[in-house]
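Undergrad: Here is my input; please provide its structure:
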Amino acid sequence: MSVSKIISNLKKNKKLSSEIRIYLIDKDNHYFFNNGILKNGFDSKLIIVKNRDSVLSAYSKMAFLFDEIIRLRIVQSSNGSNSDELLYLLNLVPINRKIRTFLDWKVFSPEFTRDMSRLFEVRNDTVHCISIDEVVYNPKMNIPLSTVSGFKKFSSDFQKAWRTLLKIYVGEQQKIDLEKICIFK
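TA: Numbers count the residues shown, from 1 in each chain. Got it, this is the predicted structure:
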């Protein structure tokens with residue numbers, strides 16, 4: 001059964017299993033099914049404006065997808081206390097270890113791993129600053145986010161990485177048997 005068909009069935013069915021937790025991407029539409037409720041997920045296109053909150057919000061969406069990729073690979077969908085336990089453990093794993101794990105699992109290419117590591121250095125710097133004016137993107141090239149060209153380069157690279165991450169997620173999503181997971185009561 002296609003993702004579109006699964007989502008259509010989830011929208012129609014009033015007796016949904018509250019034990020299933022899964023994030024679904026169907027073309028440019030994202031859905032999050034959790035606690036028996038189907039909600040809209042993130043937009044396929046991220047809009048990042050030149051302020052700290054916007055930048056950190058974009059990173060949190062990316063980190064969420066990292067965790068969902070791990071969940072898909074390990075348990076496909078979690079239910080009950082297993083889901084809570086896995087989410088707890090995933091929150092303990094630093095982002096750089098998750099990125100490295102994706103390389104080890106051959107989910108990320110070496111080039112994409114390098115790009116993600118560079119992007120997440122900006123996230124770490126952004127978390128520990130008051131303003132993005134203090135953050136430098138790609139320290140080797142000394143590109144400050146405070147400049148128009150620096151922020152444009154960062155935003156462009158981030159958008160490219162986001163699109164690639166969405167493709168990777170859809171690829172991982174296609175490996176699971178959604179019909180088996182999305183059981184209706």
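
Undergrad: Run a quick neighbour tally on K45.
TA: 10 (other CB atoms under 10 Å). The C-beta positions use only the backbone N, C-alpha and C, and glycine is treated the same way.

Undergrad: Ramachandran angles for it?
TA: Main-chain dihedrals, K45, degrees, to the nearest 10: phi -110, psi 120.

Undergrad: Distance of it relative to F120?
TA: Using CB to CB, to the nearest Å, K45 is found at 20 Å from F120.

Undergrad: Let me see the ranges of the helices in the protein.
TA: Per DSSP state H, the chain carries helices over the ranges 3-12, 52-74, 80-92, 95-104, 110-127, 148-174, 178-181.

Undergrad: CSV please, covering those helices and showing mean neighbour count, mean pLDDT and distance to R21.
TA: CSV is the format used below for the helices of the chain (neighbours: other CB atoms under 10 Å; pLDDT from 0 to 100; distance: least, CB to CB, whole Å):
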stretch, mean neighbour count, mean pLDDT, distance to R21
helix 3-12, 15, 80, 13
helix 52-74, 17, 92, 8
helix 80-92, 12, 75, 5
helix 95-104, 16, 95, 19
helix 110-127, 16, 94, 25
helix 148-174, 16, 94, 14
helix 178-181, 15, 68, 10
